[in-house]
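Enquirer: Sequence isn't available, so here's the structure alone:
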């Protein structure tokens, strides 16, 4: 069982930056691939980024490549999403999730946080 808690969301102007954090419980954090997903009002939840358990592999959605950076600290059981050059289209609730397999597929993720709101004003 893994419990996840996101933090770091907020309101930012277009072009600004935010860093999201996802704190995980449990002693097997490094066994899980971790991902970030987002859901805007009236839209389906979509993949943003994922990182392998060891941190050696990363994946990004095309819409965030070059602007967002995912990372993790297995010693501290925490994952980050550094978001730069934010755009109004990035406005959504951001969720972190854990999976046994490194994937960009939502259904592969078994554990989810409660989400944190990111709002980017134009």
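Expert: Done, it's in. Since the structure is predicted, the reported quantities are computational estimates derived from the model, not experimental observations.
Enquirer: what number of residues lie near residue 122?
Expert: Burial of residue 122 is recorded as 9 neighbouring residues (other C-beta atoms under 10 Å). For glycine as for every other residue, the C-beta is placed from the backbone atoms N, C-alpha and C.
Enquirer: Verify the stated contact: it with residue 14.
Expert: Yes: at 5.2 Å, residue 122 counts as touching residue 14 under the criterion of C-beta atoms under 8 Å.
Enquirer: any shared contact partners between those two?
Expert: Residues touching both residue 122 and residue 14 (C-beta atoms under 8 Å, 6 or more residues apart in numbering): residue 88.
Enquirer: Quick check, central residue of this protein?
Expert: residue 36 (2.4 Å; C-alpha atoms, centre = their mean).
Enquirer: If residue 24 is in a bridge, with which residues?
Expert: residue 4 (DSSP bridges).
Enquirer: residues in contact with it?
Expert: Residue 24 touches 2, 3, 4, 32, 34, 77, 78, 79, 98, counting by C-beta under 8 Å, 6+ apart.
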